[in-house]
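> need coordinates for the following:
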Amino acid sequence: MAATRAVPLGLLLLLGSQAQSRPLPGCPGTYANELARVTSSVRQLESRSRYTFCLRSSAVYECLYFDPTGKMRHRKETATTHGTAFAFRRAKGGQTLLMTNEHVVQWPFVTTAEHKVEGVPAGCKRTSQTVTIVDNEEDSYAQDDVSLQRVVTDAALDVAVLKGPVKVTVIPFSLGQSSALRAGNAVQVRGFPLGAFQALSLGKVTNPREHDTEEGWDHYDFVVDAQLSSGNSGSPVRAVNCRTRRLVLVGIYHAAYREGQSLNVVVGIDDFRELMTTLKPRRLPPGNRLRPTAAERGQLLAGIGNGRITPLIPYGGHTVGLRKVADRLLYDVYSRGFPLLDWRLVVIEDLPAPGFGRIGRLWFGNEQGLRERPFSGLTPDEQLRVTSLVTSLRQHLFRVVQYRQIQLEARRSRSAYERQRALRRQMSREETERKQQMRALVEQAARLAPGSGERGLDVEATQRPAIAPAPAGGADKTRPRPAVKRQPGKPRDL
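Have a look, this model is predicted:
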């Protein structure tokens with residue numbers, strides 16, 4: 001892994017910023033259309049440097065099955081994939097930071113029809129996962145493999161930063177600017193196609209900017225026509241700066257069009273520069289961190305009361321109804337048989353509180369009716385699941401309302417159409433998470449609903465306000481109660 005010493009690794013972010021030279025003839029803008037524009041010294045440094053590595057990402061799954069006698073058995077299945085990572089900074093303690101794609105290093109916690117893992121059946125649980133540097137996909141000698149640890153990941157960007165004791169002396173590129181790319185600019189990609197060997201691929205930018213919302217992603221790509229394959233995931237994509245004649249990092253390759261020829265999409269560095277330099281997740285715009293307020297709660301209740309808001313929304317494959325009872329809001333999670341069948345899996349009471357509200361009582365149900373459970377009576381894990389679902393439900397509810405409100409305007413205005421389209425994409429990206437939350441809630445409801453032969457409560461029981469328990473022995477009306485001093489504080493907004 002050793003390389004000829006030329007430029008200190010710590011000067012990565014400065015490399016190219018101080019170099020000055022005259023603009024090159026034939027450069028249409030910031031970046032060159034020909035890779036031959038790079039200086040001979042940079043070309044020689046590039047040929048002697050090793051800063052890209054073959055990654056092996058593995059996960060072990062535990063699967064349940066029944067043997068011929070009907071007994072439940074356990075077996076383990078191992079899944080492995082290969083990709084590329086590139087070094088970009090030295091860290092403390094002799095560690096080096098590397099970048100790759102999030103999809104290379106992350107495996108689903110449980111395999112499902114939506115989250116498939118090749119060679120592993122659905123319904124298996126991940127018990128461990130590892131990421132190591134290997135020579136190539138055929139490398140079976142584990143003694144010299146380098147284990148890596150995750151530092152930060154961003155699934156929407158499809159990028160991940162790893163660290164490990166990797167010896168890298170030189171990184172022959174600086175950070176560029178993907179927004180300055182133009183169609184026709186030349187790029188080069190260094191990685192491990194199919195995990196077989198290290199290769200340098202050349203190409204041109206065919207589309208400099210494309211919003212990528214596939215597979216739950218949310219970032220801007222540019223498209224290149226270089227010949228790339230699956231093992232190239234995580235490869236650095238570089239262009240030649242016309243002013244400095246040096247290579248600069250402009251993106252990281254992460255996907256390709258399934259039925260296209262040489263249509264490869266690259267995450268632009270402008271989207272992940274902050275994560276790369278601060279090692280912190282990307283700061284999302286306010287619209288992606290929707291937190292409904294008390295004023296919006298009032299508008300919602302008023303809209304439900306006067307009929308302006310249709311009190312039904314889709315959530316995680318189920319229908320959720322909204323009911324206004326005085327200042328309370330009730331969420332009715334219907335069974336999949338709705339509207340032909342009218343019974344609730346769960347009813348959640350949302351009480352007014354600073355912020356938007358707080359969770360009150362819950363009713364878990366089935367065909368036999370409902371059973372009331374106070375939120376405080378749930379286990380900590382059950383409380384966490386309910387709280388997470390209610391937070392997500394509130395956000396999704398307001399996005400659905402906004403989407404419906406601009407429906408008519410979207411037919412007349414391009415800007416309104418784009419706002420509606422962005423909302424639809426946002427809701428689509430979060431649908432997998434909503435389905436997972438709903439599956440967990442359905443399982444919880446099955447445990448806490450009325451049992452076989454038990455008569456449950458009718459829906460009317462949820463309309464009645466909670467009754468505070470009377471003091472033990474009854475209230476003493478003959479003597480005045482002493483005043484109770486309360487510590488000032490803010491009730492917790494769940």
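> leaving out chain neighbours, which residue sits closest to Tyr65?
Spatially, and ignoring its direct neighbours in sequence, Tyr65 is nearest to Arg73 (5.6 Å; Cβ to Cβ, 6 or more residues apart in numbering). Quick note: C-beta positions are derived from backbone N, CA and C, even for glycine.
> SS state for Gln383?
In three-state terms, and counting by DSSP: H, G, I helix; E, B strand; the rest coil, Gln383 is helix.
> that older thread, quick one: the residue nearest to Tyr65 and Phe66 touch, right?
Yes. When contacts are counted by Cβ atoms under 8 Å, Arg73 is listed as touching Phe66 (7.0 Å).
> in the stretch 201-350 of the chain, which spans are helices?
Taking DSSP state H, counting those that start in this stretch, the helices of the stretch 201-350 of the chain run over residues 269-278, 294-306.
> and the gap between Ala353 and Leu384?
Per Cβ to Cβ, to the nearest Å, Ala353 is found 19 Å from Leu384.
> swap in Gly70?
36 Å.
> more neighbours: which of these two?
A direct count of neighbours by other Cβ atoms under 10 Å for Gly70 and Leu384 places Leu384 higher, at 11 against 6.
> apart from its chain neighbours, what residue comes closest to the residue nearest the centre of the chain?
Against the mean C-alpha coordinate of the chain, by Cα atoms, centre = their mean, the closest residue is Ala155 at 3.9 Å. Distances taken as Cβ to Cβ, 6+ apart place Glu102 nearest to Ala155, at 5.3 Å, with adjacent residues excluded.
> so who does the one you found touch?
Under the criterion of Cβ atoms under 8 Å, 6 or more residues apart in numbering, the neighbours of Glu102 are 153-155, 157-160.
> out of those, which is nearest to Phe53?
Ala160 (13.9 Å; Cβ to Cβ).
> tell me the domain boundaries of this protein?
1-283, 294-462 (automatic domain parsing).
> export these to a markdown table and tack on mean pLDDT?
Formatted as a markdown table, the domains of the chain follow (pLDDT from 0 to 100):
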| stretch | mean pLDDT |
| --- | --- |
| domain 1-283 | 87 |
| domain 294-462 | 90 |
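> just those: most buried one?
Of the domains of the chain, the one with the most neighbours on average (mean count of other Cβ atoms under 10 Å) is domain 1-283, at a mean of 18.
> so how far is that one from its chain's centroid?
18 Å (Cα atoms, centre = their mean, to the nearest Å).
> in this protein, which strand is the longest?
Secondary structure of the chain per DSSP state E: the longest strand is strand 72-90.
> partners of that strand, with directions?
strand 52-66 (antiparallel), strand 96-100 (antiparallel) (DSSP bridges).
> send the alpha carbons of whichever helix or strand comes after the shortest one over as CSV?
Taking DSSP states H and E as the definition, the helix or strand that follows strand 96-100 towards the C-terminus is helix 102-105. Extracted as CSV, the C-alpha positions of helix 102-105 are listed here (Å, rounded to 0.1, in the frame of the first residue of the first chain):
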residue,chain,number,x,y,z
GLU,A,102,-24.0,3.8,2.1
HIS,A,103,-25.6,1.0,0.2
VAL,A,104,-22.2,-0.8,0.0
VAL,A,105,-21.8,-1.0,3.8
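> and the contacts of the very next helix or strand once past helix 102-105?
Next helix or strand after helix 102-105 toward the C-terminus (DSSP H and E): strand 125-134. Residues outside strand 125-134 that contact it (Cβ under 8 Å, 6+ apart): 53-63, 76, 82, 85, 105-110, 142, 145-148, 150, 162, 164, 166.
> and the angle for strand 125-134 with strand 72-90?
40 degrees (axes from the mean of the first three to the mean of the last three Cα atoms, to 10 degrees).
> can you list the strands that whichever helix or strand comes after strand 125-134 pairs with?
For strand 125-134, the following helix or strand on the C-terminal side (DSSP H and E) is strand 146-147. Sheet pairing of strand 146-147 (DSSP bridges) gives strand 125-134 (antiparallel).
> is it true that Gly195 touches Gly231?
Yes. The criterion here is Cβ under 8 Å, and Gly195 meets it with Gly231 at 4.1 Å.
> what do those two both touch?
Shared contacts of Gly195 and Gly231, defined by Cβ under 8 Å, 6+ apart, comprise 54, 82-83, 137.
> which one of those sits closest to Thr379?
Gly83 (39.5 Å).
> residue contacts, the closest one?
54-55, 57, 100-101, 104-105, 192, 195, 230-234.
> same check, this time on Pro165
Counted by Cβ under 8 Å, 6+ apart, Pro165 has contacts 94-96, 146.
> show me where the stretch 151-300 of the chain has its strands.
159-164, 174-175, 186-191, 199-212, 219-224, 236-240, 247-256, 264-268 (DSSP state E, counting those that start in this stretch).
> looking at the ones you listed, which is closest to Pro281?
strand 159-164 (10.2 Å).
> what strands line up against the closest one, and which way round?
strand 96-100 (antiparallel), strand 149-154 (antiparallel).
> may I have that strand as PDB, with CA atoms only?
C-alpha atoms of strand 159-164 as PDB (Å, rounded to 0.1, in the frame of the first residue of the first chain):
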ATOM      1  CA  VAL A 159     -22.600   8.100   1.200                       C
ATOM      2  CA  ALA A 160     -20.700   6.700   4.100                       C
ATOM      3  CA  VAL A 161     -17.500   7.700   5.900                       C
ATOM      4  CA  LEU A 162     -15.300   4.900   7.300                       C
ATOM      5  CA  LYS A 163     -12.100   4.800   9.200                       C
ATOM      6  CA  GLY A 164      -9.300   2.300   9.700                       C
END
